[in-house]
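[1] sequence first, predicted coordinates after that:
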Amino acid sequence: MRVVLLCLTVAGIGTATTSAVCAQTRPSADAKANAIAATFSKFKNKSVEKRGLRKGKYLKVESEPAVLQNPTDYSGKYEVSDLPFRLDLTVNRDGTVAGTGYEALSEDISRTFTLRNGKIDRALLTATKVYGDGRTEPFEGAFMNRSTYESPTDKGVTVFGFGTMGRAVEIHGNTFDRFFYQKSR
């Protein structure tokens, strides 16, 4: 909060350092990637006792950004399990990204898109989605390792993928606004 107030104060004076000071208030790529990954983490530990019988359900999902040394290793095909959402990414050594995708907005409506001006900064991908009719929208997400544990003693299963949040879509009566694309190849 203090940095933001300082930014506003300096901006009000109109000094040449305004942009440098204000840049400190923008989240870094790491901070954005961490925030996105955190939305894919969850924990549930519930037990019910009925007629002397105790049943329990445990689920822990931990997601953390995955920064790969070689950006080309992010290239590949990614799919959302059980939903018709796909990404096909080609990443260059300099972190620039080209890609195509497919998404179903409802049971009746689906569309394809290409990614324009794609760039990877550490684990954060930013680009612009361009649809066939020329419409565009911002696209942002994080590459992450997602580990799932089904008991407190479970060693867990970890998968690599890409997580993004966006406009909510309803499919088969369920509403989704976060999508985890697991790398398939």
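    Cool, the structure landed. Numbers count the residues shown, from 1 in each chain.
[2] state the distance from Ala142 to Asp108.
    Distance, Ala142 to Asp108, using C-beta to C-beta, to the nearest Å: 30 Å. All C-beta spots, glycine's among them, are computed from the backbone N, C-alpha and C.
[3] low-confidence regions, this structure specifically.
    Scanning the chain for pLDDT under 70 picks out the ranges 1-26, 106-107, 185.
[4] strands of that one, start to end?
    42-50, 53-65, 76-80, 86-91, 96-104, 110-121, 124-131, 136-149, 157-171, 174-183 (DSSP state E).
[5] so for Pro27, which of these sits nearest?
    strand 124-131 (9.7 Å; C-beta to C-beta).
[6] more neighbours, Ala142 and Asp108?
    Ala142 (30 against 6; other C-beta atoms under 10 Å).
[7] these two touch, right, the more buried one and Lys32?
    Yes. Between Ala142 and Lys32 there is a contact at 7.2 Å, judged by C-beta atoms under 8 Å.
[8] identify the contacts common to those two.
    Leu124 (C-beta atoms under 8 Å, 6 or more residues apart in numbering).
[9] hang on, the earlier thing: let me have the strands of the chain in CSV, extended by distance to Ile36.
    Shown next, in CSV, are those (distance: least, C-beta to C-beta, whole Å):
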stretch, distance to Ile36
strand 42-50, 14
strand 53-65, 8
strand 76-80, 15
strand 86-91, 15
strand 96-104, 16
strand 110-121, 13
strand 124-131, 8
strand 136-149, 4
strand 157-171, 6
strand 174-183, 9
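[10] list the contacts for Tyr181?
    Counted by C-beta under 8 Å, 6+ apart, Tyr181 has contacts 78-80, 85-87, 161-164.
[11] just Pro138 next, same as before
    By C-beta under 8 Å, 6+ apart, the neighbours of Pro138 are 126-129.
[12] ranking those by neighbours, who comes first?
    Neighbour-wise, those (other C-beta under 10 Å) top out at Ala127, 22 neighbours.
[13] tell me the spacing between Ala104 and Ala66.
    Distance from Ala104 to Ala66, by C-beta to C-beta: 26 Å.
[14] so which of these two has more stuff around it?
    Ala66 (20 against 16).
[15] report the buried residues of stretch 76-94.
    Within stretch 76-94, the residues that count as buried by 16 or more other C-beta atoms under 10 Å are 76, 78-80, 83, 85-89, 91.
[16] would you turn those into CSV with distance to Lys42?
    Formatted as CSV, the buried residues of stretch 76-94 follow (distance: C-beta to C-beta, whole Å):
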residue, distance to Lys42
Gly76, 26
Tyr78, 21
Glu79, 21
Val80, 17
Leu83, 18
Phe85, 20
Arg86, 24
Leu87, 23
Asp88, 28
Leu89, 26
Val91, 29
